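A.B. asks: Fold the following and give me the result.
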Amino acid sequence: MFLGRIRRAAAEPVEVVAWRSGGGLLPLRGLEGGDDPVAVLGHYGLDRLSEEVERRWESADELLAEGAVLFEPPVATCTKVCCLALNYVEHAEESGLEVPPEPVLFFKPPSALVGHNRPVLAPARTSHLEHEVELAVVIGSVVRDLPVERWREAVAGYTVLNDMTARDLQLANIARNVPWDQSKGFDTFAPVGPYLATVDEVPDPQVLDLTLEVDGEVRQRANTKQMVFGVPRLIADLSDGMTLMPGDLIATGTIAGIAPLREGDVMRATVGGVGTLVNEVRFRTA
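C.D. replies: Residues are numbered from 1 along each chain as shown. So this is what the prediction gives:
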């Protein structure tokens, strides 16, 4: 099941929808949990919600076209975006850095989130923007100190995240040996979506193809099996002493192939079985 959050127009309220390939978007009105797919899943449970969505598909009298709506991030409430650095060997090598012996964490603020088909707006202070396709884990319950063997208890589903980076600002901060969070945390620097793919759609998060195209040119291509630290280890490590909340995201790291972007470039970030996230790049000049 694929759940999203959309607006029919800018001034319209947010709606939860179910997506089916070739079938469009099905509005899911009147469900407990409101406009939050994670809360809806938490209230009904996957099996009961799947039955309800299937019943509505069979009697649907209204379907929406993807191109006729505005996409919001597929999480309504997110307290933190937990991002993993250097979690693929080839990306570490292209960055001239060593593979870390333990997971390396940084954060993006929730204000960086933006939905599918929305523009990424680079601030005037940067002239060097780069893409980073990643699998993102969507947390579905309140968890802390979760043993690695129970990692699935934390997961509501998966989505696609593009870890946008102002590389010139990041490298300048690294050279000064100061934190570089700002280069990752600007508004719109965490495009995410289009949908939350529930766990039944992704039985194994470690066998998924990752690709990123810019205007049809493939720049990044790899598979999640190449992660240094897999999803179970990441959830156990991050929840060790830190509470993960429903709607929080774990961006599991990018693959080799990062490269600069230009004004008007259209990025297509794909995680196999999860979805394709599309965003256009725009640079502010003042």
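
A.B. asks: okay, stretch 260-275 in PDB with CA atoms only?
C.D. replies: Backbone C-alpha positions of stretch 260-275 (Å, rounded to 0.1, in the frame of the first residue of the first chain) are rendered in PDB as follows:
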ATOM      1  CA  PRO A 260      26.700  19.700  -9.300                       C
ATOM      2  CA  LEU A 261      23.300  20.900 -10.300                       C
ATOM      3  CA  ARG A 262      22.300  23.900 -12.500                       C
ATOM      4  CA  GLU A 263      19.300  26.100 -12.600                       C
ATOM      5  CA  GLY A 264      16.300  24.300 -14.000                       C
ATOM      6  CA  ASP A 265      17.700  20.800 -13.600                       C
ATOM      7  CA  VAL A 266      15.000  18.200 -13.000                       C
ATOM      8  CA  MET A 267      16.100  15.400 -10.600                       C
ATOM      9  CA  ARG A 268      14.400  12.000 -10.500                       C
ATOM     10  CA  ALA A 269      15.400  10.000  -7.400                       C
ATOM     11  CA  THR A 270      14.200   6.400  -7.400                       C
ATOM     12  CA  VAL A 271      14.200   3.600  -4.900                       C
ATOM     13  CA  GLY A 272      13.000   0.400  -6.400                       C
ATOM     14  CA  GLY A 273       9.700  -0.700  -5.000                       C
ATOM     15  CA  VAL A 274       9.300   2.500  -3.100                       C
ATOM     16  CA  GLY A 275       8.800   5.300  -5.600                       C
END
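
A.B. asks: What are the buried residues along it?
C.D. replies: For stretch 260-275, the neighbour count (16 or more other C-beta atoms under 10 Å) marks 261, 265, 267-271, 273-275 as buried. (Glycine included, C-beta is placed from N, CA and C.)

A.B. asks: can you check stretch 42-51 too?
C.D. replies: By neighbour count with 16+ other C-beta under 10 Å, stretch 42-51 contains the buried residues 42, 44, 49-50.

A.B. asks: just stretch 223-234 next, same as before
C.D. replies: Across stretch 223-234, burial judged by 16+ other C-beta under 10 Å covers 224, 226-232, 234.

A.B. asks: Looking at those, spot the one nearest residue 107.
C.D. replies: Within the buried residues of stretch 223-234, distances to residue 107 taken as C-beta to C-beta reach their minimum at residue 234, with 14.0 Å.
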